[in-house]
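Asks: Okay, predicted coordinates and the sequence, questions at the end:
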Amino acid sequence: MSEHADAYILNGPELEGLDQYDSVVDVFNQAVKRYPDRPAFSCMGQTLSFAELDRHAARFASWVQNETNLEPGDRIAIQLPNVLQFPVAVFGALRAGLVVVNTNPLYTEREMAHQFKDSGAKAILILANMAHKLDKVLGQTDIEHVVVTELADLHGAPKRWLINAVVKYVKKMVPTYRLPGAVGFRLVMKASEDGFTPVTRAPDDVAALQYTGGTTGRPKGAMLTHTNLIANMLQARAAIGTHLENGSETVIAPLPVYHIYTFTVNCLFLMETGNHSVLITNPRDLPAFVKELSKLKFSAFIGLNTLFNALCQRDDFKALDFSHLKLTISGGMALTKPVAKRWEEVTGCPVAEGYGLTETSPVVSFNPTDDIRLGTIGKPVAGTAVKTVDADGNDVALGEPGELCVKGPQVMKGYWNQDEETKKSIDDGGWFHTGDIAVLEEDGYIRIVDRKKDMILISGFNVYPNEIEDVVAGHPDIVEAAAVGVPDDNAGEAIKLFVVAKNANLDAETLRAWCKKELTAYKVPKYIEFRDELPKTNVGKVLRRELRDEEKSDASKENA
């Protein structure tokens, strides 16, 4: 493709090599043969080589085929933080022909029940720490096979015993649960390495269901095919591969691997290139995180604005050796200029920002590392076309704001069992409508200026006001509620909740406690304002935009 097709569309360069892999499993099989002795993943001081990852994944596939009734195409939920079991289970499940359903380990019981039932998952691998939640919702799902793992199950003894004992008995982080018939992960790992039969999957078969709110509504499963994921892996390689040497890099991965950003970059791109991903289980524990970094000669760092900001404020982080660091990538949320500049001052390495969505596997655009332009999301990656449209769907000329639309091999197959939602998001021409308002610059860069929908973006995670409002509306003292995003220096945005209550004694902390029972922590409102009434349209719809505009106006007055 040429860089400029016409006055309305920006095109990335040609995408090469899409036909070199038949499936994600083919990517994995070639990588483990090419780099058997190289470290693939490390976590909490334990490392798996590519050959070890191969053997463990083979055992997992063998267990699926010989000890369960699961068939190719069935879904398996994987609900884990950043631990070594994650890549083992993902590639083992894919080898057996299963579809991976990545699940946030912070989900509440309500969120778990919805995702598991909606996806039709028949199996799950879950960390023991949250198995008590599964215990309560299992009967609401189609799950027949449960595998429970403890944090250090792939560590050697006696370290494994020590870590698991401390987590369970000292820190008491494993609440009591009862899951009759559940199998321990270490028992699964006793299956024969040679006991599975390779399964052939078509390029258009779904490899993963990645849940997202899309541009509106309740979480939906984006169907990401083998081609989608391979294409985005190759697009990532084309965008940043020239700055990394195959089989030589150590890359820090503090973001959750169940998130599509890390899933594609670390489990696919870095694995395909034979590089070493260091999984950070709890990046919120900054002292421990920095201590881990001090032991490593890391050459790349993949993070987001919130994390960069937090680390750069720490003296122990500033004292680290950054002489090997040659690539820092930001994604998941907007990168602010002050944080980008601070990171480069501290580490000597500029931050290259990219942009993507779950529905695009995820990368759409990326800043050329030799020509980073802060305030933009870079240029379209290889094989990708972008354009902007107005409210009526008409193409908008370069330089003018409009809704960003994307076309390319990384665009999802559609939403799982939601044809109408798919049609709303992907038009007849194959363009995916992102819901983000952007300006396409004449020189090929893209700038996000606003969001069309009401989605709130907190540290890279999508939060949808409808879900929050539904939970709040269940409180007996609430008349009505509206949630909006307000600027936040740390997380990019924070949730502000406006409520009308019939009980004058209801306070913000009581309402937050109510929310915490039903919502993951990052979805709990940071700010709560009580009002006598909320602004509405003439048909009674609450005007969230007006509430946001009021907040912007108040902020402008404070800064004046």
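Replies: That came in fine, so what should we check first? These numbers were taken from a predicted model, which means no experiment stands behind them.
Asks: if we look at the longest helix that the chain contains, which residues are touching it?
Replies: Counting residues, the longest helix found in the chain (DSSP state H) is helix 50-67. With contact meaning CB atoms under 8 Å, 6 or more residues apart in numbering, helix 50-67 is reached by 28, 31-32, 34-41, 48, 70, 76, 87-89, 91-93, 95-96, 98, 123, 154, 183, 188-197, 271, 274. Where C-beta positions appear, they are placed from N, C-alpha and C, glycine not excepted.
Asks: Quick one: buried ones out of those residues?
Replies: Taking 16 or more other CB atoms under 10 Å as the criterion, what is buried in the contacts of helix 50-67 is 28, 31-32, 35, 38-41, 48, 70, 76, 87-89, 91-93, 95-96, 98, 123, 154, 183, 188-189, 191, 196, 271, 274.
Asks: Can you tell me which of these end up in helices?
Replies: Those of the buried ones among the contacts of helix 50-67 lying in helices (DSSP H): F28, A31, V32, P87, V88, A89, F91, G92, A93, R95, V188, M271.
Asks: For D427, give me its contacts.
Replies: D427 neighbours (CB under 8 Å, 6+ apart): G393, C405, H433.
Asks: Equivalent analysis for D419, please.
Replies: D419 neighbours (CB under 8 Å, 6+ apart): none.
Asks: circling back: mind checking how far the longest helix of the chain is from the chain centre?
Replies: Relative to its chain's centre, helix 50-67 lies at 25 Å (CA atoms, centre = their mean, to the nearest Å).
Asks: quick check: mean pLDDT across it?
Replies: Mean pLDDT, helix 50-67: 98.
Asks: same check, this time on stretch 152-162
Replies: Over the span of stretch 152-162, the pLDDT mean works out to 97.
Asks: same check, this time on stretch 8-23
Replies: The model assigns stretch 8-23 a mean pLDDT of 95.
Asks: before we move on, what about stretch 208-226?
Replies: 82.
Asks: end-to-end on it?
Replies: End-to-end span of stretch 208-226 (CA to CA, to the nearest Å): 8 Å.
Asks: Helices of the stretch 451-560 of the chain, start to end?
Replies: Assigned helices in the stretch 451-560 of the chain, in chain order: 465-473, 508-518, 544-559 (criterion: DSSP state H, counting those that start in this stretch).
Asks: ranking these by burial, who's on top?
Replies: Stretch with highest mean neighbour count among the helices of the stretch 451-560 of the chain: helix 465-473 (a mean of 18; mean count of other CB atoms under 10 Å).
Asks: can you tell me how far D153 sits from G139?
Replies: Per CB to CB, to the nearest Å, D153 is found 26 Å from G139.
Asks: typo on my end, F301
Replies: F301 sits 43 Å away from G139, going by CB to CB.
Asks: what about those two, which has more around it?
Replies: Counted by other CB atoms under 10 Å, F301 and G139 do not tie: F301 has more neighbours, with 26 against 8.
Asks: Would you mark the buried spots in the helix or strand hosting T422?
Replies: According to DSSP states H and E, T422 maps onto helix 419-425. Judged by neighbour count (16+ other CB under 10 Å), helix 419-425 contains these buried residues: E421, T422, S425.
Asks: just stretch 111-127 next, same as before
Replies: 111-116, 118-127.
Asks: Nearest to G444 among the helices of the stretch 451-560 of the chain would be which one?
Replies: With CB to CB, the closest approach to G444 among the helices of the stretch 451-560 of the chain belongs to helix 544-559: 30.5 Å.
Asks: still on that earlier bit, would you format the helices of the stretch 451-560 of the chain as a markdown table with mean pLDDT and distance to V170 included?
Replies: Output for the helices of the stretch 451-560 of the chain, formatted as a markdown table (pLDDT from 0 to 100; distance: least, CB to CB, whole Å):
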| stretch | mean pLDDT | distance to V170 |
| --- | --- | --- |
| helix 465-473 | 86 | 34 |
| helix 508-518 | 95 | 25 |
| helix 544-559 | 79 | 44 |
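Asks: got the residue ranges for the strands in the stretch 351-500 of the chain?
Replies: Per DSSP state E, counting those that start in this stretch, the stretch 351-500 of the chain carries strands over the ranges 351-356, 363-366, 379-380, 385-389, 395-396, 401-407, 414-415, 432-440, 446-451, 456-458, 461-463, 478-488, 492-501.
Asks: just so I know, which of the ones you listed lies nearest V471?
Replies: So among those, strand 478-488 is nearest, using CB to CB, at 9.0 Å.
Asks: quick one: stretch 104-124 to chain centroid distance?
Replies: With CA atoms, centre = their mean as the basis, the mean position of stretch 104-124 lies at 16 Å from the chain mean.
Asks: Using PDB, write out every CA atom in stretch 496-508.
Replies: The C-alpha coordinates for stretch 496-508 follow below in PDB (Å, rounded to 0.1, in the frame of the first residue of the first chain):
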ATOM      1  CA  LYS A 496     -17.200  10.300  39.000                       C
ATOM      2  CA  LEU A 497     -20.700   9.200  40.100                       C
ATOM      3  CA  PHE A 498     -23.600  11.600  40.300                       C
ATOM      4  CA  VAL A 499     -26.600  10.300  42.300                       C
ATOM      5  CA  VAL A 500     -30.000  11.300  43.500                       C
ATOM      6  CA  ALA A 501     -30.800   9.600  46.800                       C
ATOM      7  CA  LYS A 502     -34.100   9.400  48.700                       C
ATOM      8  CA  ASN A 503     -32.200   8.900  52.000                       C
ATOM      9  CA  ALA A 504     -30.500  12.100  53.100                       C
ATOM     10  CA  ASN A 505     -28.300  10.100  55.400                       C
ATOM     11  CA  LEU A 506     -26.700   8.000  52.600                       C
ATOM     12  CA  ASP A 507     -23.000   8.900  52.300                       C
ATOM     13  CA  ALA A 508     -20.300   8.300  49.700                       C
END
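Asks: how many other residues sit next to A504?
Replies: Neighbours around A504, by other CB under 10 Å: 8.
Asks: farthest residue from the center of the chain?
Replies: Most distant residue from the mean C-alpha position of the chain: A504, 39.9 Å away (CA atoms, centre = their mean).
Asks: For V396, see how far away that one is.
Replies: 49 Å.
Asks: quick one, what contacts the nearest residue to T388 once chain neighbours are set aside?
Replies: Spatially, and ignoring its direct neighbours in sequence, T388 is nearest to G402 (3.1 Å; CB to CB, 6 or more residues apart in numbering). Taking CB under 8 Å, 6+ apart as the criterion, G402 is in contact with T388, V389, D390, D395, V396, I437, A438.
Asks: May I ask which of these has the most neighbours?
Replies: T388 (26 neighbours).
Asks: in the sheet, who's paired with it?
Replies: Beta-bridge partners for T388, by DSSP bridges, are V396, L404.
Asks: hang on, the earlier thing: return the distance of the helix holding T422 from the chain's centre.
Replies: On the basis of CA atoms, centre = their mean, helix 419-425 sits 22 Å off its chain's mean C-alpha point.
Asks: and which of the ones in helices among the buried ones among the contacts of helix 50-67 is nearest G354?
Replies: Set against G354, the nearest of those by CB to CB is M271 (18.7 Å).
Asks: what's near enough to touch V257?
Replies: So V257 contacts L80, N82, F86, P87, F263, N266, C267, L279 (CB under 8 Å, 6+ apart).
Asks: Of the contacts of D427, which one scores lowest on pLDDT?
Replies: For those, the model is least confident at G393; its pLDDT is 93.
Asks: can you tell me which residues contact that residue?
Replies: Contacts of G393 (CB under 8 Å, 6+ apart): D427.
Asks: Could you number the chain from 39 rather than 1 from now on?
Replies: New numbering, starting at 39: the last item is G431.
Asks: Phi and psi next, for it.
Replies: phi 90, psi 10 (degrees, to the nearest 10).
Asks: Check the gap between it and E479 for me.
Replies: 22 Å.
Asks: which one among the contacts of V295 gets closest to E391?
Replies: After measuring the contacts of V295 against E391 - CB to CB - the closest member comes out as N304, at 17.8 Å.
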